[in-house]
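Trainee: Return atomic coordinates for the entry below.
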Amino acid sequence: KFERELDEGLAPYSPFVPLRPNHVLTYSTHLLGLRHIEATPTKLESTTLVFGTGIDVHCALHRPSGAFDLLSDDFKTDLLLLLLFGLGAGAFALRVASKRKNLALSWT
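Mentor: Next comes the predicted model:
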């Protein structure tokens, strides 16, 4: 039964919720006298800016899913733009050809 649950992606039962170190916002520092927590979304997908105030002040970016929506440094932007331009030019050429064909067919 245990192997079947693992195959289905189910975690075994545990009475305690495990503490994941990458989900802790303060990075092993203690915030003294925490009175207010403010969270706001950012323009990046699945990224939240969290700001805590009290005696101490702490600000952190929280990405629960990791930074999957950021492009890498070696992303080929030129190739992407060339591809988009080529597809746009091809769509325009097909539109002109379709209009010419429809006009020729309407005369017959």
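Trainee: now for whichever strand or helix holds residue 102, which elements pack on it?
Mentor: Here residue 102, judged by DSSP states H and E, is contained in helix 77-106. Based on contacts counted as 3 or more CB pairs under 8 Å, 6 or more residues apart in numbering; DSSP states H and E, there is no element that helix 77-106 packs against. Where C-beta positions appear, they are placed from N, C-alpha and C, glycine not excepted.
Trainee: Pull the distance from it to the chain's centre.
Mentor: 32 Å (CA atoms, centre = their mean, to the nearest Å).
Trainee: again, but for stretch 10-25
Mentor: 23 Å.
Trainee: Quickly find the element holding residue 11.
Mentor: Here residue 11 is assigned to no helix or strand, by DSSP H and E.
Trainee: So what does it have for phi and psi?
Mentor: phi -80, psi 150 (degrees, to the nearest 10).
Trainee: And the one 5 residues further on, by the same measure?
Mentor: Listed backbone geometry of residue 16 is phi -120, psi 150, with angles given as degrees, to the nearest 10.
Trainee: Let the chain start at 784 from now.
Mentor: Sounds good: first residue 784 from here, last item residue 799.
Trainee: can you pull the contacts of it?
Mentor: Residues counted as contacts of residue 799 (CB atoms under 8 Å, 6 or more residues apart in numbering): none.
Trainee: same check, this time on residue 823
Mentor: Contacts of residue 823 by CB under 8 Å, 6+ apart are 831-832, 834.
Trainee: quick one: it is in a strand?
Mentor: Yes. Assigned with DSSP: H, G, I helix; E, B strand; the rest coil, residue 823 falls within a strand.
Trainee: I appreciate the help and will end here.
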